[in-house]
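**Q** Model the structure of this input:
(one chain, ligands or ions: 1)
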Amino acid sequence: MDKKIDSIVLKENNNVKAAMERIEKSGVRIVLIVDDGRKLLGVVTDGNIRRSLLSGKNFNTSLGEIMTKNPIVAKELDSAAELLETMNKRGIQEIPIVNDQGILVDIALLSDLKNIPLSSPDITKKEVELINQVLSTPFLSIGPKIKEFEKKIANFVGTKYAIAINSGTSGLHLCVRSLDIKDGDEVITTPFSFIASSNCILFERAKPVFVDIDENTLCIDPNKIEEKITKKTKAILPVHIFGHSCEMEKIMEIAKRYNLAVLEDACEALGGEYKGRKVGTFGNAAVFAFYPNKQITTGEGGVIVTDDERIAKLCQSMRNQGRDEGDSWLSHSRLGYNYRMTEISAALGITQLSRIEEILEKRQKVAENYNKKLEKIDGVKIPYVSPEVKISWFVYVIRLDGRFSLEDKNAILQKLTQKGINCGNYFPSIHLEPFYVKMFGYKNGDFPITERVSNSTIALPFYNNLTEKQIDYVCDNLNSAIRELKK
Ligand SMILES: Cc1ncc(COP(=O)(O)O)c(C=O)c1O
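**A** Numbering: from 1, shown residues only. Next up, the predicted model:
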């Protein structure tokens, strides 16, 4: 049962004060009264409490005396649209949901249905406790939690080294530098990604050379890489987009044949696998990111993983103003940056990582629920997952089929926003970003699959605790928005 509901459940013999405390703490304006078998007996709202106090009752009055018996309830199988209709008709903002035996199973809140964020971190008491512990030590940076987090990440991914940094972008930058990619070098990568995977190449004045994507996996198409290799090519930078691994066997084979480095952008894919092997373990180095929309978060942050001692030592030094191990605070062996992660972030990361299996399972369930609902909607393609891949769900991205134009997609996005459903436009084609057009002269039609995909994808709200009712609400509204276009 959802933790939210447990915090607002009381018994008949609890008193008014207990109900007021629950309402104050939960922010939900109702408590649910159940018997020992969790059968719903009634509800107590802040209105019930006000009226009872005005009529001479007091804090010690038992809830059984003041509750509304036989409240309006919804049934487990009621759709989100039915719930909303009842709420609107009855002028209420919350409805308990019961099963056929009248046992309480959930509560639907109007606020949950009407404002669904695109993503939401899953922070428990455990995270807060460890962060509080760190705050009571003198180590807020460069301390034991960073080392512990790095050890645990390396252990989870299966690499010798892990180097925590303050963002995925800074991790990618350090990797580009440690692979000695510089002015005039070329790096083969994908135009369908978050822009940092390409910008990190520009940071060192090297050139991102784009290769179009595979229409199914949405990752770089390995069959098109070789034709882009020149004498200047130094590395391949594949991106495991939306948590779905690239075809790493083919990519590694090409890299080996042409003696190219491989830097995996695994920012979106912690826990993902390709042919039973974790992403992040294929290339010379890889980067994971921990912004709050990611599988696990450190607020801002990321980690570089590698088996290569030289890369690890260089990255450790460069993230810390170029200090080598043993250097004093004011000696700097090389050019460096302040890309350090704080101890507070590391503590958050340690706790989140300790819950990674639970988190990945929750995300898998949310994706399955979406799949079940959306498979039936004409015009929508659910995300593809290759049989060779274990996806680590980062976002849930659908595609509209060929009948829909970019204008249609934008109209659908607008309709969903009006309904309080926050969607993402993941991802616009990088090569068509104005400064890429200006620098390299790219134009529409250069990477047709990427452009087609960019124009037809919508990231739906997706996070660990997205409820089935919220998924219903999103899917029902998506369906209506599509049907209104009458394709
Ligand atoms: C594919 C990819 N690369 C790089 C990054 C950059 O990570 P950060 O935002 O932590 O700098 C992200 C972040 O969303 C990403 O999705």
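**Q** Quick check, the residue in the stretch 351-487 of the chain closest to the ligand?
**A** residue 394 (7.6 Å; C-beta to the nearest ligand atom). Bear in mind the C-beta positions are built from the backbone N, C-alpha and C, glycine included.
**Q** Sorry, wrong one. I was asking about the chain.
**A** For the chain, C-beta to the nearest ligand atom, closest residue to the ligand: residue 168, 2.5 Å.
**Q** Report the contact partners of the residue lying closest to that residue once chain neighbours are set aside.
**A** Among residues not flanking residue 168 along the chain, residue 289 sits closest, at 2.8 Å (C-beta to C-beta, 6 or more residues apart in numbering). Residue 289 sits next to 167-169, 171, 267-268, 301-302 when contact means C-beta atoms under 8 Å, 6 or more residues apart in numbering.
**Q** Go through these and name the one nearest residue 215.
**A** residue 268 (18.9 Å; C-beta to C-beta).
**Q** And for the closest one, the neighbour number?
**A** Burial of residue 268 is recorded as 28 neighbouring residues (other C-beta atoms under 10 Å).
**Q** ok, residue 326 to residue 316 distance?
**A** 12 Å (C-beta to C-beta, to the nearest Å).
**Q** neighbour count winner among the two?
**A** Higher neighbour count among residue 326 and residue 316: residue 316, with 20 against 7, using other C-beta under 10 Å.
**Q** element containing the residue nearest to that one when sequence neighbours are not counted?
**A** Excluding its sequence neighbours, the residue lying closest to residue 316 (C-beta to C-beta, 6+ apart) is residue 163, at 5.5 Å. In the assignment (DSSP states H and E), residue 163 maps to strand 161-165.
**Q** Can you list the helices and strands that that strand packs against?
**A** In this structure, strand 161-165 makes packing contacts with helix 144-157, helix 168-178, strand 302-306, helix 309-319, helix 343-354, judged by 3 or more C-beta pairs under 8 Å, 6 or more residues apart in numbering; DSSP states H and E.
**Q** Which helix or which strand is home to the residue of the stretch 351-487 of the chain closest to the ligand?
**A** Residue-wise, residue 394 maps onto no helix or strand under DSSP H and E.
**Q** Quick one: residues contacting it.
**A** 242-243, 268-269, 293-295.
**Q** can you check residue 471 too?
**A** Going by C-beta under 8 Å, 6+ apart, residue 471 touches 366, 369-370, 373.
**Q** please redo it, this time with the cut-off set to 10 Å
**A** Contact analysis of residue 471 by C-beta atoms under 10 Å, 6 or more residues apart in numbering lists 80, 116, 366-367, 369-370, 372-374, 396, 460-462.
**Q** Can you add distance to the ligand and neighbour count and give the residues you listed back as TSV?
**A** Shown next, in TSV, are the contacts of residue 471 (distance: C-beta to the nearest ligand atom, whole Å; neighbours: other C-beta atoms under 10 Å):
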residue	distance to the ligand	neighbour count
80	29	21
116	20	25
366	19	23
367	18	20
369	24	18
370	20	22
372	27	13
373	26	19
374	23	21
396	15	27
460	17	23
461	17	25
462	14	26
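**Q** what's the lowest-pLDDT member of those residues?
**A** Least confident by pLDDT among the contacts of residue 471: that is residue 80, with 80.
**Q** ok, that one - contacts?
**A** Applying C-beta under 10 Å, 6+ apart, one finds that residue 80 lies in contact with 108, 112-113, 467-477.
**Q** could you pull out the helices for the stretch 1-150 of the chain?
**A** Counting by DSSP state H, counting those that start in this stretch, the segments of the stretch 1-150 of the chain that form helices are 3-6, 16-26, 46-54, 63-66, 80-90, 110-114, 125-135, 144-157.
**Q** in the second one, what counts as buried?
**A** In other words, helix 16-26. 16, 18-20, 22-23 (16 or more other C-beta atoms under 10 Å).
**Q** for that helix, what is the average pLDDT?
**A** The model assigns helix 16-26 a mean pLDDT of 94.
**Q** quick one, it and helix 46-54 angle?
**A** Going by axes from the mean of the first three to the mean of the last three C-alpha atoms, to 10 degrees, helix 16-26 is angled at 150 degrees with respect to helix 46-54.
**Q** Give me the residues contacting helix 16-26.
**A** Applying C-beta under 10 Å, 6+ apart, the contact partners of helix 16-26 are 4-11, 14-15, 28-33, 44-46, 48-49, 52-53, 57-63, 65-67.
**Q** 7 Å instead?
**A** If you take C-beta atoms under 7 Å, 6 or more residues apart in numbering as the criterion, helix 16-26 is touched by 7-8, 10, 29, 31, 44, 46, 49, 52, 57, 59, 61, 63, 66.
**Q** and those residues, which two are the farthest apart?
**A** 7 and 57, at 23.7 Å, using C-beta to C-beta across these.
**Q** quick check: longest helix of the chain.
**A** Taking DSSP state H as the criterion, the chain has its longest helix at helix 356-374.
**Q** Determine the set of other helices and strands touching it.
**A** Under the contact definition 3 or more C-beta pairs under 7 Å, 6 or more residues apart in numbering; DSSP states H and E, helix 356-374 sits against strand 396-400, helix 468-484.
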